[in-house]
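Visitor: Can you look at this prediction? I've put the sequence above it.
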Amino acid sequence: MKPAWDQLGDEYADSSSVLIGDSDCTDSGKSLCDKFDVKGFPTIKYWVDGEVQDYSGGRDYDALNEFVSTTLGKLCDVITLDDCNDKEKGYVEKMKGKGADEREKQLVRLTGMKGNDMKSELKKW
């Protein structure tokens with residue numbers, strides 16, 4: 001599981017809303033693990049609105065990434081621009097100036113790209 005966890009950490013390294021971390025419960029992280037009642041290894045915990053939860057899903061990269069992207073990641077709101085970075089805001093403003101046909105073309109293009117492998121540096125906004 002460690003390689004999948006490290007890959008997930010790399011994927012979200014620049015995220016403003018998701019932090020992927022780990023702790024060695026047998027050494028320097030013991031007090032942290034005790035605080036959050038970690039009994040077995042590996043244990044995955046996550047927080048939503050300040051509340052700790054136990055993760056019970058798949059342990060491969062695809063399962064972990066799917067969980068993080070759908071449950072934990074904050075998405076850019078194109079109406080209010082909440083949780084949008086500067087690049088996302090620029091794209092939204094650019095698309096507001098386009099007609100319905102051009103926006104539909106972009107939607108088709110982006111939908112076609114969904115789920116395809118992409119270099120991590122290209123995924124970053």
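Guide: Sure, I can see it. Residues are numbered from 1 along each chain as shown.

Visitor: drop to CA atoms for contacts and neighbour counts, all remaining ones
Guide: OK.

Visitor: tell me, which helix in this structure spans the most residues?
Guide: Counting residues, the longest helix in the chain under DSSP state H turns out to be helix 100-113.

Visitor: Quick one: mean pLDDT for that one?
Guide: The average pLDDT within helix 100-113 is 88.

Visitor: I would like the residues contacting that helix, please.
Guide: Where contact means C-alpha atoms under 8 Å, 6 or more residues apart in numbering, the residues beyond helix 100-113 that reach it are M95.

Visitor: Now it - C-alpha only, PDB.
Guide: In PDB, the C-alpha atoms belonging to helix 100-113 read as follows (Å, rounded to 0.1, in the frame of the first residue of the first chain):
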ATOM      1  CA  ALA A 100     -22.800  28.600 -26.200                       C
ATOM      2  CA  ASP A 101     -21.400  26.700 -29.200                       C
ATOM      3  CA  GLU A 102     -17.800  27.300 -28.100                       C
ATOM      4  CA  ARG A 103     -18.600  26.300 -24.500                       C
ATOM      5  CA  GLU A 104     -20.300  23.100 -25.800                       C
ATOM      6  CA  LYS A 105     -17.100  22.300 -27.800                       C
ATOM      7  CA  GLN A 106     -15.000  22.700 -24.700                       C
ATOM      8  CA  LEU A 107     -17.300  20.600 -22.700                       C
ATOM      9  CA  VAL A 108     -17.100  17.800 -25.200                       C
ATOM     10  CA  ARG A 109     -13.300  18.100 -25.400                       C
ATOM     11  CA  LEU A 110     -12.900  18.000 -21.600                       C
ATOM     12  CA  THR A 111     -15.400  15.200 -21.100                       C
ATOM     13  CA  GLY A 112     -13.500  13.200 -23.700                       C
ATOM     14  CA  MET A 113     -10.300  13.700 -21.700                       C
END
